[in-house]
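Peer 1: What would the 3D arrangement of this be:
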Amino acid sequence: MGKIALQLKATLENVTNLRPLGEDFLKMKCGNCGEISEKWQYIGLMDSVALKGGRGSASMVQSAKCVHGKTPLKF
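Peer 2: Residues are numbered from 1 along each chain as shown. Predicted coordinates:
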């Protein structure tokens, strides 16, 4: 399972709710070879892609150039 992290630092006054608007924009890094995607990847919380072989679904399916298989991400 991959690791996902988000860091945010802000000084806020009278704020009761803070959340991202719309899709999340990410640059992905392969855990095997360390390759970082050149383009920003757009992932929405409600996005769903069927996995091959009927093994369920994921929010995104991506592969690095050095890796022969595809890696699913689910949020």
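
Peer 1: end to end, how far does stretch 38-53 reach?
Peer 2: Stretch 38-53 has an end-to-end distance of 29 Å (criterion: CA to CA, to the nearest Å).

Peer 1: Averaged pLDDT, it. What do you get?
Peer 2: Throughout stretch 38-53, pLDDT has a mean value of 78.

Peer 1: mind listing the helices for this structure?
Peer 2: In the chain, no segments count as helices under DSSP state H.

Peer 1: Report the separation between residue 57 and residue 48.
Peer 2: For residue 57, the distance to residue 48 equals 5 Å [CB to CB, to the nearest Å]. For glycine as for every other residue, the C-beta is placed from the backbone atoms N, C-alpha and C.

Peer 1: Show me where this structure dips below the pLDDT cut-off.
Peer 2: Judged by pLDDT under 70, the chain has its weakly predicted residues at 1-5, 20-24, 45, 63-64, 67-75.

Peer 1: how about the strands of it, start to end?
Peer 2: Per DSSP state E, the chain carries strands over the ranges 24-26, 41-43, 49-50, 57-58, 60-62, 71-73.

Peer 1: Figure out which of those strands is closest to residue 35.
Peer 2: Closest of those to residue 35 is strand 60-62, at 10.6 Å (criterion: CB to CB).

Peer 1: ok, back up a step: the strands of the chain: which one's closest to residue 32?
Peer 2: Of all the strands of the chain, strand 71-73 sits nearest to residue 32, with 9.0 Å by CB to CB.
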